[in-house]
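S.K.: This is a predicted model, with the sequence first.
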Amino acid sequence: MRKLNDNYIELPRYKVIFLATCVGVIVASMFYIQPIENVITVSYQIKQSQTAVIAMLTQVSYALGLLLVVPLGDMFNRYRFLQVMEAISICSLLLASWAPSPVIFALASVLIGLTSVGGQIIIPYVAYLTPLKKQGPILGVMISGMLTGILFARTFSGLIAAALGWHMVYLIAAVLNFLLLILIHQWVPNDPREHGQDISLGQLLASLPKLLKKYRYLRSSAVNGFAMFGLANLFWSTLAFLLMSRFHYGSAVAGSMGLLGIVAIFAAPFIGRMVNLYSPKQNIVTSIILAIVAYLIFGAFQHSMVALVIGIIVLDLSTQFSQVTNQAIIQSLSRTENSRNNSIFMFSYFFGGSIGTLTGIDAWSHFGWAGVTAMAVIFVIVALSAHFAIGEPEKLG
C-alpha cells in the first residue's frame, strides 16, 4: 500500500475487493428477513402483519441510520468508527439469533437496520483515500459489492432457514461479520485524519440541509437518484403481478428474475471506468435514456418473455449508470464533507425507491400496467427536470 500526497493512498487490488466485500456483507444483514417472514410468523405464532411491521422497522432504522449515523464519518476516525459499528452489528445479529420473543427480535431488527449503514461509511472513506482520477472504477467495484450483498442475502437466508432453521441465519451472519471485523482491523488503513473534524453532533446534523443548499450537484444527484431508483422499484414491485397476468407465472419465477441483477454487478466496474472516460452529464443522460428504452420494451413487447428479460437487464444497467455516476459526483464535491454528502444522497435514493414501491403497487391495483407506465413517465420527468434545471458537471472535481 503506497502513501500519496494529500492523504491519498493507493490501495492494492485485493484490499479494494475486500472493502467491496465488506460493503456487501454489511448491507446483506438488512435483507435476511425478507424471504423468511412466513417462517418467523409461524415460529412466534404472531400475525403476518406483525412480522411485516418488524421488517418495516428494519428498513426505517436503516433510513434513520443514513441520516443520523453515516454523517458521523466526518466527525470520527472512520477506521475505528467502522469497527465499532461492526461490533454493534455482531451483537445485534446474535440477539436476533437468540430472540425468545417477537419484541426482542424487533429490537434486534432495529439495531441491524442501523448498523447496516456501515457500507455507506466505507464508500466515502474509500473515495477519500483514492485520488479523484481513479475514483470511478473503484466506486464501481464498491457498488458491485453492495449489489452482490443485496442479491445473495435473500438466497442465503432462504437456504439456511430451510436447512437449519431461521435462527441459524443470524448466527451464521454474526460469525461472518466477526471474521470480517478481524480482517477490517488488520487490512483497512487507518484514517489519515486521525480524529475527523472538530465539530459537535448538533452542528454535524444541522449542516445537512446547508450542504444541500451549498452544493448544486449534490441536489441534482439527490433528485436523480430519487427518480432512477424509484423507476427501478416501480418495476420490481409490480413484476410478480405482471408475470401472473401476462404469462401465468408465480412468485418463484419473479424471484428468479432478480438473479438478472448479476449483469449489473459485473457491469458496475465498467460503468465506473465510463465515469472517468466521459463526463458525468453524459453518463446521467445515458441512465435516463436506458430507463426510457427499458419501459418502451416492456410496453411494446407485452407478451414476449425474452423481451421482458432484455428490458430488465437494460433497466438494471440504467440504475447502475445513475448510482455509480452520482456516487462519483458527490464524492468529488468535498473531501471533508463526503460522509454527509453521501448520507443525503443515499437517503434520497432509498426514499425514491420506497415511493416507487408504494406508487407501483397502488397504480397496478387501480389501472394495471397502464398505471405503472404512467408513474414511470412521472419519474422520468422528475429525472429530466433535475437534468435540465440543475444539471450535472462536465467533469469531476
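M.R.: Yes, it's here. What you see is a predicted model, and the numbers here were worked out from it, not measured in a lab.

S.K.: quick check: mean pLDDT across the helix or strand where Ala173 lies?
M.R.: Assigned by DSSP states H and E, Ala173 belongs to helix 166-187. Averaging pLDDT along helix 166-187 yields 96.

S.K.: repeat for stretch 292-309
M.R.: pLDDT averaged over stretch 292-309 gives 91.

S.K.: Stretch 132-144 too?
M.R.: Averaging pLDDT along stretch 132-144 yields 83.

S.K.: hang on, the earlier thing: past the helix holding Ala173, which element shows up next along the chain?
M.R.: helix 201-214.

S.K.: Could you list the buried residues of that next one?
M.R.: 204, 207-208, 211-212 (16 or more other CB atoms under 10 Å). C-beta coordinates here come from the backbone N, C-alpha and C atoms, glycine included.

S.K.: Can I get the helix or strand following that helix in CSV? Just the C-alpha atoms.
M.R.: With elements assigned by DSSP H and E, the helix or strand that comes after helix 201-214 is helix 216-236. Output in CSV follows, covering the C-alpha atoms of helix 216-236 (Å, rounded to 0.1, in the frame of the first residue of the first chain):
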residue,chain,number,x,y,z
ARG,A,216,-25.7,22.4,-6.7
TYR,A,217,-24.6,19.0,-7.9
LEU,A,218,-25.5,17.3,-4.7
ARG,A,219,-29.0,18.5,-5.3
SER,A,220,-29.1,17.2,-8.9
SER,A,221,-27.6,13.8,-7.8
ALA,A,222,-30.1,13.5,-4.9
VAL,A,223,-33.1,14.2,-7.3
ASN,A,224,-31.7,11.9,-10.0
GLY,A,225,-31.0,9.1,-7.5
PHE,A,226,-34.6,9.5,-6.2
ALA,A,227,-36.1,9.3,-9.6
MET,A,228,-33.9,6.5,-11.0
PHE,A,229,-34.2,4.1,-8.0
GLY,A,230,-37.9,5.0,-7.9
LEU,A,231,-38.2,3.8,-11.6
ALA,A,232,-36.4,0.6,-10.7
ASN,A,233,-38.6,-0.2,-7.7
LEU,A,234,-41.7,0.8,-9.6
PHE,A,235,-41.0,-2.2,-11.9
TRP,A,236,-39.7,-4.7,-9.3
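
S.K.: just checking, what packs against helix 216-236?
M.R.: helix 201-214, helix 280-300, helix 305-331, helix 338-367, helix 369-389 (3 or more CB pairs under 8 Å, 6 or more residues apart in numbering; DSSP states H and E).

S.K.: so of those, which one's packed in deepest?
M.R.: Highest mean neighbour count among these (mean count of other CB atoms under 10 Å): helix 305-331, with a mean of 23.
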